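# okay, sequence plus prediction incoming.
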Amino acid sequence: MPEDTYDYFNDYYSQFESIQEDSLFNQIPVDWNEWAQVDDETLIQSYLPKKGIKQVTIGIDHPLTTPIELFESIPLSKAIQYRKGCIIHTGGAIWGLDFVPMKKKSRFYITVGGYTDNKKHYTPTDQSTSPNCIQIYKYDVLDDTTSLYMCILHDQGDIFDLKWCPYFLSNKHKDVLGILGVLSADGQIRFMVVPHPHELRKLNSRKPVYLKVVHYRLELNINNTHFTCFEWGGQNRLACGHVSGNVILFNIYESLIRKHPYAIQVFPVQTGYVTDLTWQNMINPYQLIVATNAGIFYLYDLKDPYSPKEYHKTSSSQASFAPGGIDEGFLYSLGDGDVKIGYGLSKRNAFSNIINQPGHIWSIASCVYHNVVASVASTGSLVIRKYTKEGPSYGSRMKDDSAIIYLLQYNPDTHGMTFYDKPKAFPRYDEFQSRFMNPLLSLNRVKWNQHPLNCGWVCSGGNAGLCRIDFTGCMKLP
């Protein structure tokens, strides 16, 4: 790796650590009046996905087929020696997925949300107010075990996305797990200050802990706007896009303190509704990349927010973004299966292709600590690849060093799912044609663990209701 890139990542690490330690969000306490612990089994079951068993096959040389009960998991090491990670049966289609920000190296928490079944598909005009739950799993790195740690019960229906505040560290507050933002299918974004399960188990030893939301800390429901995406940015910024084509910038810290939305800027976009957005940099976010369903990317500079620059045009109506963390760069995916890196205003219209995989890419994720991007597609594939300041990274003799972590396949006879680990190449095109016909194969979300102590872990999930956690071996900082 070039010396300047090495210095950049080390500088990024030290700055982000400093921001987390001194974050304003650490001053926000939990309010126990916003929560009610539930012990009634009948009430609990009304919020959970229907119980069922999924047949899952894993392994490379000696495949292992095993049933998985709802909320149970199977370690990858059962079929692949020395392989860290697991597969969790979460129930319905997964559309919300994230790691809880924390510094513990020996364990971490995975948060899963979505639909209560596998038959729904999200559109920006869906309306849903039905019982649902957010699942939080604990993964123990040393024991290679996974368990359902907490269930948050709510009445806001299906979940399209969820994101933890990246600037809050749960281990600094014994009674607070973190600040969670949730985008529901009704188009509203709601925030909750989640209590830590350790404190609840002092009063009730039941495992897992079931909490029902009585009141949200904050609800963004300005003039019945229908939001489509949101992104945390800095100590006090939250960018939200919605179907009317505007991007609203909130002072999220003041909003949480006041328990009322505090909007500071509105950016108009006139070419359709906003499909995704991201900040270029999590340390000092001042540039915002916005995509619309018209296939146009806009770059907003907060120094001159009312003069957006039309940055790029594509043929895709559904793009996905991730911060590149390198100078002014950012990562984005297109509907044709390409993941590219753009270089911001410094090199306008300069792009490098990083990943190409069959199918529509629903989600991409990056972690600047080991400069690797991950992408998941409608064909059931998870692919990762390293990138550098100059674009894609190559191995010896300029060979493509991208890696297919796994391919998902559905067996209509047994209704089981098979994970093909680390195939050398994608199947032939005619085999992939049948994959587009079955929505159960679609992987909708992928996330990296953003803390440097656990930055080698990636999780992914989709319509099959299976969340997979993988260790990629990228733990060493550049």
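On my side now, so go ahead.

# how far does stretch 323-338 stretch from start to finish?
16 Å (C-alpha to C-alpha, to the nearest Å).

# what's the average pLDDT for it?
Summarised as a single mean, pLDDT over stretch 323-338 is 76.

# where are the low-confidence patches of the stretch 101-250 of the chain?
Residue ranges of the stretch 101-250 of the chain with pLDDT under 70: 120-128, 169-173, 202-206, 222-224.

# 90 instead?
Scanning the stretch 101-250 of the chain with the threshold set as pLDDT under 90 gives 101-107, 116-130, 142, 156-157, 166-176, 185-187, 196-208, 220-226, 233-236, 242-246.

# all helices for it, in order.
Using DSSP state H, counting those that start in this stretch, the helices of the stretch 101-250 of the chain run over 197-201.

# what's the distance between the nearest residue in space to Ala291 that is not next to it in sequence and Cys229?
Leaving aside its sequence neighbours, Ala291 sits nearest to Ala319 (C-beta to C-beta, 6 or more residues apart in numbering; 4.1 Å). Glycine gets a C-beta too; all of them are placed from N, C-alpha and C. Distance of Ala319 to Cys229, computed by C-beta to C-beta, to the nearest Å: 11 Å.

# what does Leu453 give?
Leu453 is 29 Å from Cys229, where distance means C-beta to C-beta.

# which of the two has more neighbours?
Neighbours were tallied for Leu453 and for Cys229 using other C-beta atoms under 10 Å; the higher tally belongs to Cys229 (25 against 14).

# quick check: bridge partners of the more buried one?
Under the criterion DSSP bridges, Cys229 forms beta bridges with Gly241.

# report the contact partners of it.
If you count contacts by C-beta atoms under 8 Å, 6 or more residues apart in numbering, Cys229 has them with Asp161, Leu183, Cys240, Gly241, Val274, Thr275, Asp276, Leu277.

# picking up where we left off before, identify the contacts common to Ala319 and Cys229.
Joint contacts of Ala319 and Cys229 (C-beta under 8 Å, 6+ apart) are Thr275, Asp276.

# quick one on the thing from earlier: return the residues in contact with the residue nearest to Ala291.
Contacts of Ala319 (C-beta under 8 Å, 6+ apart): Thr275, Asp276, Ala291, Gly295, Phe297, Tyr332, Ser333, Leu334, Gly335.

# now, which of those lie within strands?
Among the contacts of Ala319, the residues falling in strands (DSSP state E) are Thr275, Asp276, Ala291, Phe297, Tyr332, Ser333.

# Ile87: which of those residues is nearest?
Proximity of these to Ile87 was ranked by C-beta to C-beta; the top entry is Ser333 with 24.2 Å.

# need the contact list for that closest one.
Contact partners of Ser333, counting by C-beta under 8 Å, 6+ apart, are Ala319, Ser320, Val339, Lys340, Ile361, Ser363, Ile364, Ser375.

# how about Pro308?
So Pro308 contacts Phe267, Val269, Val290, Tyr298, Leu299, Tyr300 (C-beta under 8 Å, 6+ apart).

# isn't the last one up against Gln287?
By that I understand Tyr300. Yes: counting by C-beta atoms under 8 Å, Tyr300 touches Gln287, with 7.0 Å between them.

# would you mind measuring from the residue nearest to Ala291 to Trp362?
11 Å.

# list residues touching both of these two?
With C-beta under 8 Å, 6+ apart as the test, Ala319 and Trp362 reach no residue in common.

# burial check on Tyr262, number of neighbours?
16.

# need phi/psi at Gln20.
phi -60, psi -40 (degrees, to the nearest 10).

# residues contacting it?
Contacts for Gln20 (C-beta under 8 Å, 6+ apart) come out as Pro101, Pro166, Tyr167, Phe168, Leu169.

# wait, doesn't the second one sit right on Gly233?
Think Pro166. No: if you go by C-beta under 8 Å, Pro166 and Gly233 don't touch, sitting 9.5 Å apart.

# name the residue in those two with the higher neighbour count.
Taking neighbours as other C-beta under 10 Å, Pro166 and Gly233 compare with Gly233 leading, 27 against 21.

# pretty sure that one contacts Ile289?
No: look at Gly233 against Ile289 with C-beta under 8 Å: they stay out of range, at 11.4 Å.

# burial count for Ser106?
Using other C-beta under 10 Å, Ser106 has 11 neighbouring residues.

# typo on my end, Ser352
By the measure other C-beta under 10 Å, the count of residues near Ser352 is 14.

# same thing with Cys133?
Number of residues near Cys133 (other C-beta under 10 Å) recorded here: 26.
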